[in-house]
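Asks: Curious how this folds, go ahead:
(one chain, ligands or ions: 1)
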Amino acid sequence: MNDDRRTVLKAALGLGLGLALGDPARAQDPEPRRARPRPGDRLVFASGPRKGKSIRPRDLSPNGEPLTAWPMDPRTKIVRDDSRLNEILLLRLEPADLSDETRARSAEGIVAYSAVCTHTGCDVWEWHAATKTVKCPCHFSVFDPKDGARVLDGPAPRRLPALPLEVADGVLTAAGEFVGRPGFQPAG
Ligand code: FES
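Replies: Numbers count the residues shown, from 1 in each chain. As a prediction, this is how the structure comes out:
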């Protein structure tokens with residue numbers, strides 16, 4: 001083998017080794033668009049004119065309409081929008097209204113839950129400002145976002161899984177994974 005070919009071979013091996021060793025997270029994550037939200041993921045608008053843009057606390061009004069969001073890997077900028085189980089419901093509430101556990105997961109009064117109803121999986125929500133609750137219009141389950149999205153009424157078998165939040169670099173960021181399984185599998 002001449003020197004030129006040796007150099008090319010070394011470069012190719014080095015590149016391959018670098019790719020394999022340099023990014024273990026990617027190597028273990030063949031479907032990042034379907035992976036569940038991870039700590040450090042930024043939350044981005046799921047729809048509307050700012051779709052795909054990071055969400056700041058001021059984008060939500062206290063006791064105002066909820067927003068829906070997708071998690072985004074901040075490193076690769078990949079939005080995890082290839083599984084509806086990753087859709088996130090965001091609400092801004094008064095911190096004083098939150099249960100201790102919910103306040104601990106919140107950021108500036110903003111709470112995050114799976115946007116998929118635990119009954120049969122609808123993902124459209126009605127906000128009831130008077131009671132500060134969300135209602136699934138499909139079969140009228142009512143959840144209390146002030147208290148871990150526990151079920152107040154209707155056929156839903158379990159609460160909406162919460163997603164712990166923090167504010168990092170001024171934008172809403174996942175501070176953990178979903179607490180519980182998103183979706184409408186039976187409780188257990
Ligand atoms: Fe939400 Fe049935 S899907 S109450």
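Asks: In terms of helix, strand or coil, where does W70 fall?
Replies: strand (DSSP: H, G, I helix; E, B strand; the rest coil).
Asks: and it, bridged to which residues?
Replies: Beta-bridge pairing for W70 (DSSP bridges): V44.
Asks: if I read this right, it contacts L43, doesn't it?
Replies: Yes - at 7.3 Å, W70 and L43 qualify as touching, with contact defined as CB atoms under 8 Å. In this view, the C-beta of every residue, glycine as well, is placed from N, C-alpha and C.
Asks: residues shared between the contacts of these two?
Replies: Common neighbours of W70 and L43, using CB atoms under 8 Å, 6 or more residues apart in numbering, are I88.
Asks: Verify the stated contact: D144 with L160.
Replies: No - taking contacts as CB under 8 Å, D144 lies outside contact range of L160: 9.9 Å.
Asks: Looking at these two, which is more packed in?
Replies: L160 (29 against 19; other CB atoms under 10 Å).
Asks: In the protein, where is pLDDT below threshold?
Replies: 1-30, 186-188 (pLDDT under 70).
Asks: And the strands in it?
Replies: 42-45, 67-72, 88-92, 110-114, 126-128, 133-136, 141-144, 150-153, 165-168, 171-174 (DSSP state E).
Asks: Can you mark which positions in the fifth one are buried?
Replies: Which is strand 126-128. For strand 126-128, a neighbour-count test (16 or more other CB atoms under 10 Å) marks W127 as buried.
Asks: quick one: strands adjacent to that strand?
Replies: According to DSSP bridges, strand 126-128 forms sheet pairs with strand 133-136 (antiparallel).
Asks: what does the strand it pairs with rub up against?
Replies: By CB under 8 Å, 6+ apart, strand 133-136 touches 66, 89, 91, 117, 119, 122, 124-128, 141-145, 149, 152, 154, 156.
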